[in-house]
Each structure stands twice: as structure tokens, then as C-alpha cells.
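>>> for reference, the sequence and a predicted model appear below.
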Amino acid sequence: MTNKLQINNPRVRFAPSPTGYFHIGSARTALFNWLVAKKYGGQFILRIEDTDVERSKSEFEKDIIDGLKWLGLFWNEGLEMGGQHGPYRQSENLNIYEKYLHQVVDAGQAYYCFCSEEELEAKRQDALSRGEMFRYDGHCRSLSSEEVQKKLKNKEPFVIRFKMPEKKFVFNDLIRGKVEFDGSLIGDQVIAKNFRLPLYNFTVVIDDHNMQITHVIRGEDHISNTPKQIALYEALGWPFPIFGHLPLILDENRAKLSKRFGAVAVNEYRRNGYLAEALINFLIFLGWHPEEKTGEGAKEVLTKEELIRQFSLERVQKAGAVFNVEKLDWLNGEHIKKMSLDDFLEQAVSFLIPVFGEKVADNIDYLKKVLALHQERVKKLSDLAGLVGYFFALPDYPGELLSWREMTKADLAINIDLLINLFSNLEEANFTKKQLEVIVMPEAEKRGRGQLLWPLRVALSGAKNSAGPFEIMEIIGKSETLKRLEIAKKKLSNG
Ligand code: GLU
């Protein structure tokens, strides 16, 4: 594949705000940045943007970090890893922001604003009533320095606003192409609540500059922040990075993905039995498509290595990307099929132990056989426990379940006796799927397949749906098979 974009040694970052659990949208942003670093030989940096003191929580930061590690999106620089451009948690970087806040205030590029919340709210309402969008009217722009000093001396509360230049801001978005914003419609933004409480649009610029970020790739919900940030770069005399805004993620109704949609937390997908590799494979299609051709390029089930090989920023789409759960389930099943049995075992155990206890892993060979039987069929690891229970303990089931259509109890009992006889005479070593078929199938043809195989399968599994009887018998072995058939017999005579 040719990459028209010439990107060399990019420095990209994932800069989450720990104000909520790590969600699908953030994971997708992290993935795209990680891929750009991998694809174009760059560095992937993790920075925590925790300037919102009230909403930022260390449990959310931990959740984000755990989620990134689970997805295998490891970073080269940043939190936990260190690097030359730290600190990588914004709350530890306040002195730097304070220095630059003074710089822009002293240069007259930003100013103290003493307007109260009430005054601003009244102006907001007024604009609304005229059907206009509210934009700060610059009231405090024109305060004289004496007035400012007096208010500061009187300890009047203030915020710091940036003087937004009334000009056009144009940038070439990697994904959306040429994007234009009119600065005069934006108004003067609050960039800090005070010198120790800087806000996102300010800190992001300082950090992206100081960390030498070359490409800012983030969700489209940030696109309206971009002109505000470019204006700050220009005020500080810094070149701005290249921006790329990933399309919105939509639900099936083409509405923006929200909490109402159901699971949006990455950890929920993990708990629900999705594989990290499948989720990655799914997330990449939320905004990107491989080249349509034959061979690897047309494949939808992709490993991380294949993704890195195929990824290119040119193929990131502008249009919103629909989150389709069925596709995720399908991809997950496909990735489960591709795993080695040992890997599958490792992943499966953590879903089985909470249901069946540690004993489930006592006999690994046995467990492996059970898992091998289900690896091709299962879509989610969390479905496994519900499918394999009867291999560990026969559930209590109603005797009527043994009956195939209108079979009488007497006929059922005859068939079960016949099966007990057949298996009793078979040596343990011949208890294989093949051998069992050889001796049972001729009888099944004589007596009716359903009449013989249905009660056999129910006796073995105690379930309406299960794996086939021969496969079950090969795994549970002769004595357990006979034991279960005796139980079935008893149910018939008791019922
Ligand atoms: N902290 C911002 C967020 O979590 C990051 C935005 C950006 O990438 O610039 O949405």
C-alpha cells in the first residue's frame, strides 16, 4: 500500500481527562494515535489532563490506564513511563501554566474578567431571547489597569479571558481537509479560573507544544476547540501541530453514542467476555476501512500486526461511524476461533472460576477438551459458563425432557437400557467419538435417530441444547456416561 502522507517520526498523544470511566470513544482515539505512532515510526505519549479538579478522580485515571494496558496500547512516554517532557499529569504542571498565563496577561493577549456568573447568565438569557448565540461581549477587555488593580486589591473574584482575534482561522485537517472558523463568532474564552486553575484549552496548547507533539488526533467533538487553540499558539508565537478529527461514533439510530446506548465503558466489554484483540479490530472500523481488494487487504478479521501493516490515515473517513454490536460479536467469535487452545484456556478460566470455583481448573486436560469443543461456537467468553456447566456437574433436569416427541416412557426405558448395554460392553479405550458412532448409529437407524439420540444427549447434558452426544461421551468417559444414563433411568421410573 502506498502512503501518500509523508509523516516521519510523529509524536502523537492520548490525553484523556479522568472524569469518567475509559469509554469506547476514548479507546478509539487512543488506538488511532497508537497506530499512527506504530505505522509511521513515531512516539505515542500518554498525558493525563486532570485540570478539572472537581470531576477528575484517581479511580478513573486507573481505569483508563488499566484499559489501555488490557488493549495492549502501550505508550513510549508519559505517565508511569517517564520521559523528557514531563510531568505528564497536568495537575503536577501548574507552575508552567502559571508562567504562561502571566505571559499572555502581561502581553495584553489575555485579561482579567470580573463579570459575575449572574451578570453572564443574564446576558446569556438576553441573547437567547433574541434567538442569538451567546458570546462574551468583551465587557472587561476595556478595563483600565488602575481599575483592574483596584478590583484585584479588593479581592474581587476573576477569571482570565483570552482576546480572541476577530479573524478567520483556517487549518488543514488530516481527515476533514480544509476547515475554517470565524474568530469573531467565537468570543473571548476563559482560559483559567485563576493562575492556579488553568483550563483545558490553555493547558493542552502548552503541553502539546512543550511535548513537541506533531499530530493531534482526537474526536470530532473537539473540532470547535481547535481554532481557540490555534489562536493561543499564535499568541505564544509557536507553530501549531497538524490536527486530525476522527468521525463521531453513532448508535444504530445514527445518534451520537451516549450512555443510553448501553455499554460504553471499555471495562464492561472486558467483563462481558470480549477479547482485547477483537475490540481493537472492531474499533478500527469505527472510522477506517481497509483498501477493497483481494487478499489481506479485504479481510475484516485483523490482528494488530495486520492492522499496523494496513493502516493509513488517508483511509480514515469523515462520515459518522455506526457502532454495530452484532459485528462486534461476530468479530469476537472469529478472534476466539483463531486463538491457540492454550491462550483460549488462559482467558476462559477467569470466566469459569467465578461460576464453578477453582476446581474447574484442577484437571487441565479435561478442561482443555471441553474448551476445544466450544472454541468454534462461542461468541463471548462470558457465554462459556452457561454452555459447559454439565461437563462439571450434571444439572437436575425434569424427566420429561428425555422424551422425544410422543415416545412412551416404556420405549424410552428400553432405549436407555439398550444404550447402557452397548456402552458397558465397550472398553474405555474405545470411548472415542468415532467408535461410539460406529456402535450407536446402526441402532439409531433402526429405532429412529431422535428416539435414541435425543434421550441420550439429554441424559448426558441435562439440557435442551448442548454439544452432540458422541463428543460429550468422549470427554466425560465411560463411567460418567453410564452413571448419567442410570440417573436418566431413575428419573423415568420415578416420574
Ligand atoms: N482531555 C481531552 C479529552 O479527554 C483531550 C482532548 C484532546 O485530545 O485535545 O477529551
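Looks like it arrived, so ask away.

>>> let me know the helix or strand that the residue in the stretch 201-350 of the chain that the ligand sits nearest to is in.
Distances between the stretch 201-350 of the chain and the ligand by Cβ to the nearest ligand atom are smallest at residue 218, namely 3.6 Å. Backbone N, C-alpha and C define where each C-beta goes, glycine included. Under the criterion of DSSP states H and E, residue 218 resides in strand 215-219.

>>> show me what contacts the residue of the stretch 201-350 of the chain closest to the ligand?
15, 29, 244, 245, 246 (Cβ atoms under 8 Å, 6 or more residues apart in numbering).

>>> rerun at 10 Å
Neighbouring residues of residue 218 by Cβ atoms under 10 Å, 6 or more residues apart in numbering: 13-15, 25-26, 29, 32-33, 204, 225-226, 243-246.

>>> got the buried residues for whichever helix or strand comes after the strand holding residue 218?
The C-terminal neighbour of strand 215-219 among helices and strands, as given by DSSP H and E, is helix 225-236. For helix 225-236, the neighbour count (16 or more other Cβ atoms under 10 Å) marks 225, 226, 227, 228, 229, 230, 231, 232, 233, 235, 236 as buried.

>>> am I right that residue 243 sits in a strand?
Yes: under DSSP: H, G, I helix; E, B strand; the rest coil, residue 243 sits within a strand.

>>> hmm, it is touching residue 233, no?
No: the pair residue 243 / residue 233 is not scored as a contact, 11.0 Å apart, by Cβ atoms under 10 Å.

>>> ok, back up a step: pLDDT of the strand holding residue 218, averaged?
Strand 215-219 shows an average pLDDT of 97 in the prediction.

>>> hmm, back to that, so the residue of the stretch 201-350 of the chain closest to the ligand bridges to which residues?
residue 245 (DSSP bridges).

>>> from residue 438, how far out is it?
63 Å (Cβ to Cβ, to the nearest Å).

>>> before we move on, what about residue 473?
13 Å.

>>> those two: who's more crowded?
Taking neighbours as other Cβ atoms under 10 Å, residue 473 and residue 438 compare with residue 473 leading, 25 against 13.

>>> how about that one, secondary structure?
Under three-state DSSP, residue 473 comes out as helix.

>>> got any ranges where the stretch 351-495 of the chain has weak pLDDT?
Residue ranges of the stretch 351-495 of the chain with pLDDT under 70: 495.

>>> any chance you could map the strands in it?
Ranges of strands in the stretch 351-495 of the chain, per DSSP state E, counting those that start in this stretch: none exist.

>>> burial count for residue 182?
If we define neighbours as other Cβ under 10 Å, then residue 182 has 11 of them.

>>> residues contacting it?
Taking Cβ under 10 Å, 6+ apart, one finds 166, 167, 168, 169, 227 in contact with residue 182.

>>> which pLDDT value goes with it?
So residue 182 comes in at 96 (pLDDT).

>>> give me the low-pLDDT residue ranges for the stretch 101-250 of the chain?
For the stretch 101-250 of the chain (pLDDT under 70), the answer is none.

>>> kindly report the residues of it close to the ligand.
204, 218, 222 (Cβ under 6 Å from any ligand atom).

>>> quick check: the second one vs residue 107, distance?
Right, the one you point to is residue 218. Separation of residue 218 from residue 107 (Cβ to Cβ) stands at 28 Å.

>>> repeat for the first one
Going from residue 204 to residue 107 by Cβ to Cβ gives 20 Å.

>>> which one's more surrounded, these two?
residue 204 (25 against 11).

>>> could you dump the residues of the stretch 101-250 of the chain next to the ligand to CSV with distance to residue 9?
Listed next are those as CSV, based on distance: Cβ to Cβ, whole Å:
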residue, distance to residue 9
204, 22
218, 20
222, 24
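
>>> before we move on, back to that, okay, and the common contacts of residue 473 and residue 438?
Joint contacts of residue 473 and residue 438 (Cβ under 10 Å, 6+ apart) are 426, 432.

>>> tell me the contacts of the residue lying closest to residue 225 once chain neighbours are set aside?
Leaving aside its chain neighbours, residue 225 sits nearest to residue 201 (5.8 Å; criterion: Cβ to Cβ, 6 or more residues apart in numbering). Applying Cβ under 10 Å, 6+ apart, one finds that residue 201 lies in contact with 162, 189, 190, 191, 192, 222, 225, 226, 228, 229, 231, 232.

>>> go again using 6 Å as the cut-off
225, 228, 229 (Cβ atoms under 6 Å, 6 or more residues apart in numbering).

>>> now it: phi and psi?
Taking degrees, to the nearest 10, you get phi -60, psi -20 for the backbone angles of residue 201.

>>> ok, now the one 5 residues further on?
The phi and psi values for residue 206, taken as degrees, to the nearest 10, are phi -60, psi -50.

>>> quick check: it touching residue 100?
Yes: at 5.5 Å, residue 206 counts as touching residue 100 under the criterion of Cβ atoms under 6 Å.
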